[in-house]
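*Asks:* Fold the following, please.
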Amino acid sequence: MTTAAAQLSPYDTQRRTGLRETLWLGLVFAFVKIAVEVVANIVSQHAGYGIFRDEMYYLICGQRLAFGYVDQPPMVALQARLTQMLFGYDHLWSLRLLSAVAGGAKVLLTGLLVRALGGGRGAAALAMFAVLTVPVYLSLDSFLSMNSFEPVFWMTAVLALLEIVRLTSPGASPASEYAAKRILWIVVGISAGLGLENKATLAFYLVCLLVALLLTRARRILFSRWAIIGIAIIFLVALPNLIWQALNHFPTWEWLRAVQHSDKDIKLPPLQLLTTQLVMLGPLHSLLGLTGLGWLLIAKGARQWRFAGITYLLFLASMMALHAKDYYLAPAYPILFAAGAMASAGWAAHHRARRAALWVYAGVLGIATVLILPYTVPVLSPQRFLAYEQWTGFHPQDMETHDPTPLPQFFADRFGWTDLLNKVSTIYNSLPPDERARTGIFTRNYGEASAINLFGPRLGLPTAISGHQNYWMWGPHGYTGDEMILVVQDSPARLSEFYESCTLMARRNDPLAMPWERGPIYLCKGRKTPLFAEWKDFKEYR
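*Replies:* Numbering: from 1, shown residues only. Have a look, this model is predicted:
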């Protein structure tokens with residue numbers, strides 16, 4: 001019987017690793033990955049870094065579970081709710097533990113991808129080590145977000161498709177493999193459906209994947225009853241969010257259009273997006289990924305997996321056309337690392353010098369990871385990071401437009417919250433009791449509102465409201481606006497259009513925070529028009 005492993009000449013010297021052996025090896029690498037992320041977050045908190053802006057927002061969304069939100073599907077809110085129930089949010093390592101576990105799952109899945117391609121233990125170890133150490137995953141798996149789980153859903157679906165293609169190869173026994181293919185199509189449906197409930201970017205990848213399948217011999221797997229059932233499962237799993245979108249007039253589409261037509265994000269031209277991929281992965285990891293892409297596209301032994309390489313090219317082109325952020329392509333790389341490890345292990349088979357070269361390459365990957373780690377996870381104090389940045393001469397580019405900041409935005413978004421809470425609580429608690437009872441808090445963005453709503457109750461603060469993202473949908477919380485603490489960037493002259501009087505009470509001035517987290521805090525009284533009457537004008541999707 002012809003099998004995938006038998007078709008891999010000149011890579012047929014590799015023995016396709018057994019499932020149990022792959023799982024045990026993968027679990028070891030996964031445990032190391034989780035340990036690295038946990039230790040890094042413990043060090044980060046001791047170095048003075050706080051909770052990340054988006055994490056607070058996700059935790060608040062988790063307290064208001066729904067089938068959708070303006071700027072994300074429901075999965076990350078569910079992740080945040082589970083995290084809060086299990087661990088709370090005072091310790092960063094436990095707040096981010098599920099993301100670290102997702103990173104470990106990604107490493108394990110990479111080993112299984114190598115096995116699906118017909119590779120042996122050495123190839124699986126190299127691929128998993130690459131995924132464990134690549135800078136972008138060290139970063140994305142280090143905080144609570146949908147980005148850590150995104151590759152897990154993507155690659156589970158791809159893994160199932162690889163196995164379906166293998167089982168549908170000429171010479172395979174349809175009768176003996178029918179049950180396995182049926183289960184695998186169900187896995188594709190559930191994984192892709194959950195992926196859409198986690199982040200909408202998967203929709204673009206699925207379209208590219210479908211086109212790639214149709215363009216290659218692997219198209220034969222689509223012409224079966226279970227393929228149709230798998231696609232139907234994708235739709236059914238994703239349906240709750242689609243219904244929520246329709247019932248709420250498609251706010252996510254409105255938000256995406258607003259961002260696309262704003263100057264909020266830096267819009268990368270195609271060539272620059274390619275350059276950022278090399279920076280995001282690191283040059284040495286990129287070498288393995290490019291090797292994998294080349295193997296998938298041109299190697300004779302990879303003919304039946306050709307669709308995986310074409311999928312990446314189509315997805316890359318679509319992200320270029322959309323001027324996407326660089327990390328939007330991150331979930332597509334485990335399959336390229338797996339393929340690159342396959343090609344490298346085949347190249348080194350029965351050549352002692354080549355095998356030694358792969359060991360040296362893996363060692364250099366590890367050294368490079370140690371050097372780049374301070375840029376991916378904030379393990380150095382701000383002062384030491386700035387000195388390290390000066391020493392290396394490397395200054396990473398942020399993805400959003402803003403005034404210059406000492407720290408990269410990914411680090412700076414962890415500062416300013418203590419300053420905000422202290423000053424707002426001082427203002428609020430200095431008011432007479434009768435005034436406190438009717439005073440609300442309005443903030444410019446979801447980070448400020450979420451910081452107050454997450455930590456403010458400990459300081460006796462009321463619920464904060466905002467017009468930003470899903471906070472607008474949650475409404476004015478019954479406030480008339482007659483007396484409000486305003487955390488905004490507006491001038492007193494601008495505020496006088498809406499209030500009888502506004503007094504500057506304090507200024508936020510944390511030098512490490514983002515520019516929009518440094519500014520005035522007002523106490524305003526006598527709103528001329530009630531908040532609820534003008535709430536529609538407060539909507540700010542960006």
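*Asks:* Every contact and neighbour count from this point should use C-alpha atoms.
*Replies:* Fine.
*Asks:* Where does the prediction get shaky in the protein?
*Replies:* Counting by pLDDT under 70, the chain contains low-confidence residues at 1-16, 170-177.
*Asks:* what's the domain layout of it?
*Replies:* Domains of the chain are assigned by automatic domain parsing as 16-376, 417-538.
*Asks:* most tightly surrounded among the ones you listed?
*Replies:* Among the domains of the chain, the stretch with the highest mean neighbour count (mean count of other Cα atoms under 10 Å) is domain 16-376, at a mean of 20.
*Asks:* could you dump the domains of the chain to CSV with distance to residue 411?
*Replies:* Output for the domains of the chain, formatted as CSV (distance: least, Cα to Cα, whole Å):
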stretch, distance to residue 411
domain 16-376, 8
domain 417-538, 9
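*Asks:* what helices or strands is the longest helix along the chain leaning on?
*Replies:* Using DSSP state H, we find that the single longest helix of the chain is helix 19-46. The helices and strands touching helix 19-46, judged by 3 or more Cα pairs under 8 Å, 6 or more residues apart in numbering; DSSP states H and E, are helix 92-95, helix 97-116, helix 121-133.
*Asks:* and the angle from that helix to helix 97-116?
*Replies:* 150 degrees (axes from the mean of the first three to the mean of the last three Cα atoms, to 10 degrees).
*Asks:* Off-centre distance for helix 19-46?
*Replies:* Mean-position distance between helix 19-46 and its chain equals 18 Å (Cα atoms, centre = their mean, to the nearest Å).
*Asks:* For the most centrally placed residue in the chain, give me its contacts.
*Replies:* In the chain, the residue lying closest to the centroid (Cα atoms, centre = their mean) is residue 147, at 1.5 Å. Contact partners of residue 147, counting by Cα atoms under 8 Å, 6 or more residues apart in numbering, are 140-141.
*Asks:* and it, helix, strand or coil?
*Replies:* Secondary structure, DSSP: H, G, I helix; E, B strand; the rest coil: residue 147 is coil.
*Asks:* Can I get stretch 220-238 as CSV, trimmed to CA atoms?
*Replies:* Output in CSV follows, covering the C-alpha atoms of stretch 220-238 (Å, rounded to 0.1, in the frame of the first residue of the first chain):
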residue,chain,number,x,y,z
ARG,A,220,-10.7,15.1,-4.0
ILE,A,221,-11.2,15.2,-0.2
LEU,A,222,-13.9,17.9,-0.7
PHE,A,223,-16.2,15.6,-2.8
SER,A,224,-17.7,13.6,0.0
ARG,A,225,-20.7,13.7,2.2
TRP,A,226,-18.6,14.2,5.3
ALA,A,227,-16.8,17.2,3.9
ILE,A,228,-20.2,18.8,3.5
ILE,A,229,-21.0,17.9,7.0
GLY,A,230,-17.7,19.3,8.3
ILE,A,231,-18.4,22.6,6.5
ALA,A,232,-21.9,22.7,7.9
ILE,A,233,-20.5,22.2,11.5
ILE,A,234,-18.3,25.2,10.9
PHE,A,235,-21.3,27.3,10.1
LEU,A,236,-23.4,25.9,13.1
VAL,A,237,-20.6,26.5,15.6
ALA,A,238,-20.1,30.1,14.4
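*Asks:* Roughly how far does the nearest residue to residue 121 once chain neighbours are set aside sit from residue 291?
*Replies:* Nearest residue to residue 121 in three dimensions, chain neighbours excluded: residue 17, at 5.9 Å (Cα to Cα, 6 or more residues apart in numbering). The gap separating residue 17 from residue 291 is 21 Å, by Cα to Cα, to the nearest Å.
*Asks:* just residue 387 next, same as before
*Replies:* Counting by Cα to Cα - residue 387 and residue 291 are separated by 35 Å.
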